[in-house]
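what follows is a predicted structure for the sequence shown.
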Amino acid sequence: MRQISAAILAGGRARRFGGADKASLVVGGARIIERQLAALATVTDDVCIVSNDPARYAALGVRVIPDRIAGAGPLGGVHAALVDAAHHGVIVLACDLPFVTAALLEALAIEFGTADEIDAVVPRSSRGLEPLCALYASRCADTIRRRIEAGNLEMRGLLTELRFKELRPEGVASFDDGSVFLNVNTPHDYERARAKKLN
């Protein structure tokens with residue numbers, strides 16, 4: 001196991017999905033959160049779920065932690081994850097990414113471990129940077145707290161204050177069939193995910 005921690009952010013309100021628990025949607029015979037936990041288990045044994053509803057995930061046997069700063073959206077979830085982490089590097093995953101692979105997580109960990117003095121490793125997909133499928137140094141919690149206190153809650157805005165290494169599309173091409181960053185934000189997205197043929 002690499003000396004990194006990980007967190008799944010499961011505290012969103014899923015407004016575009018009618019308030020559904022996106023983490024518990026079933027894709028390929030398993031809940032999204034179960035698929036993510038299986039991938040994370042290959043790279044770390046320090047995993048938590050960030051949610052203000054711990055009972056919902058109690059049966060998974062993973063510790064569930066609440067936001068430390070209420071009402072800050074995904075940025076607040078990242079902050080809670082970094083403060084809680086046992087290790088310096090922390091993989092952060094949004095709970096609506098059913099096709100995240102162990103290979104991608106391993107690549108994030110390797111890049112973080114080989115780059116000196118960086119705050120994060122962030123992959124870039126065809127739609128841009130993916131800050132909710134990335135690895136952050138735990139020290140970024142202070143920067144995030146300051147941004148939250150200033151009312152700056154936009155995730156990509158955080159990157160303007162960090163020294164980060166970009167994992168370019170060509171760097172993930174060998175283990176991405178085009179769906180690794182597919183997120184389930186709407187019922188239409190969910191149907192697309194369910195229709196995908198899994199290897």
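Thanks, I have it.

for the protein, give me the ranges with low pLDDT.
For the chain, applying pLDDT under 70 flags the ranges 1, 12-20, 114-115, 197-199.

so residue 68 makes contact with residue 76?
Yes - counting by Cβ atoms under 8 Å, residue 68 does reach residue 76; the two are 7.4 Å apart. Heads up, the C-betas are built off the backbone N, CA and C, glycines and all.

out of the two, which sits in the busier spot?
Neighbours were counted for residue 68 and for residue 76 using other Cβ atoms under 10 Å; residue 76 has more, 22 against 18.

was I right about the more buried one contacting residue 66?
No - between residue 76 and residue 66 there is no contact under Cβ under 8 Å: 9.8 Å.

ranges for the strands of the protein?
Here the chain has its strands, by DSSP state E, at 4-9, 26-27, 30-31, 47-50, 63-65, 89-94, 120-125, 128-129, 133-137, 164-167.

so where do the helices sit in the chain?
In the chain, the helices defined using DSSP state H lie at 32-40, 73-84, 102-114, 140-149, 155-158, 169-172, 187-195.

which one of those lies closest to residue 58?
Evaluated over the helices of the chain, closeness to residue 58 peaks at helix 32-40, with 12.4 Å, by Cβ to Cβ.

who touches residue 32 in this structure?
Residues near residue 32 by Cβ atoms under 8 Å, 6 or more residues apart in numbering: 22-26, 95-98, 184.

nearest spatial neighbour of it, chain-adjacent residues omitted?
Leaving aside its sequence neighbours, residue 32 sits nearest to residue 98 (Cβ to Cβ, 6 or more residues apart in numbering; 4.5 Å).

just give me the neighbour total for the one you found.
If we define neighbours as other Cβ under 10 Å, then residue 98 has 29 of them.

same deal with residue 34?
For residue 34, the count of nearby residues is 16 (other Cβ under 10 Å).

next one: it from residue 118, what distance?
Between residue 34 and residue 118 the computed distance is 31 Å (Cβ to Cβ, to the nearest Å).

how about the residue nearest the centre of the chain, nearest residue that isn't a chain neighbour?
Against the mean C-alpha coordinate of the chain, by Cα atoms, centre = their mean, the closest residue is residue 93 at 1.0 Å. Nearest residue to residue 93 in three dimensions, chain neighbours excluded: residue 8, at 5.1 Å (Cβ to Cβ, 6+ apart).

now swap in residue 52 and tell me
In this structure, residue 52 finds its nearest non-sequential neighbour in residue 66, 4.9 Å apart by Cβ to Cβ, 6+ apart.

wait, isn't the residue nearest to the centre of the chain in contact with residue 7?
Yes - between residue 93 and residue 7 there is a contact under Cβ under 8 Å: 7.3 Å.

so who does residue 138 touch?
Applying Cβ under 8 Å, 6+ apart to residue 138 gives the contacts 5, 82-83, 85, 87-90.
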